[in-house]
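Need a 3D model of the following:
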Amino acid sequence: MAAEAVIRKAVAADLAAINTITQAAYEIYVARMGKRPEPMDLDISGQVAAGDVYVLEEGGDIPGYIVTYPQDGAQLIENVAVAPEFQGQGYGDRLMQFAEGEAVRNSLDRLFLYTNVQMTENLEYYPRLGYKEYKRALLKGFERVFFEKRL
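Okay, here's the model as predicted:
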C-alpha cells in the first residue's frame, strides 16, 4: 500500500465500487455459510448519505471501505471489506486504524464489531489487532461472534 492512500467519506458516486467490493469480498463465504452473508444484500446508500461509510482510495482505485459510527457509547465497526485483489496488502489494517481514530475523535474508549462464526479468518484476524471476543449470539439468523477493543 502506497503512502498516498487516503480514507474519505463515501459519496453516492462510490456506491457501485462499494457494492462490487462487497459482493467479491463476501462471495467466498456463501458455500461455507450455506447462505449469502448479510452485507451482500444490504442497501447501504442510506448509510453513505448519513456519512457512516468511508472508502480507502488510492490512485483512482477504491480497494476497500468501512462502515463505522458511534453506537451505545462505543464506536461500532459494522462492516469492513477489501476487494480480494487488494487483500493482504495492509488496506484492512489501515481501515481498522481509521476506526480507532474515529473512536478517539468521538471521545469513545471502546470499539466493537461482530463477524460470522463461519468467517474463521476474522476470528483469527481481530484478536491480532487487540480485539477480544466477549459473546456469541444468533442475530438475524446468523451466528455472530462479538469482539471489543478498549483504547
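
Now the longest helix along the chain: buried residues?
Determined from DSSP state H, the single longest helix within the chain is helix 91-105. By neighbour count on 16 or more other Cβ atoms under 10 Å, the buried set for helix 91-105 is Tyr91, Gly92, Arg94, Leu95, Met96, Phe98, Ala99, Glu100, Glu102, Ala103. Quick note: C-beta positions are derived from backbone N, CA and C, even for glycine.

Dump the residues you listed into TSV; add distance to Pro37 as well.
Output for those, formatted as TSV (distance: Cβ to Cβ, whole Å):
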residue	distance to Pro37
Tyr91	19
Gly92	16
Arg94	22
Leu95	18
Met96	19
Phe98	22
Ala99	20
Glu100	24
Glu102	24
Ala103	25
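
quick check, nearest of the residues you listed to Val55?
Within those, the smallest distance to Val55 is 9.3 Å, found for Leu95 (Cβ to Cβ).

wait, isn't the closest one in contact with Leu56?
Yes. Contact criterion Cβ atoms under 8 Å: Leu95 and Leu56 qualify, at 5.9 Å.
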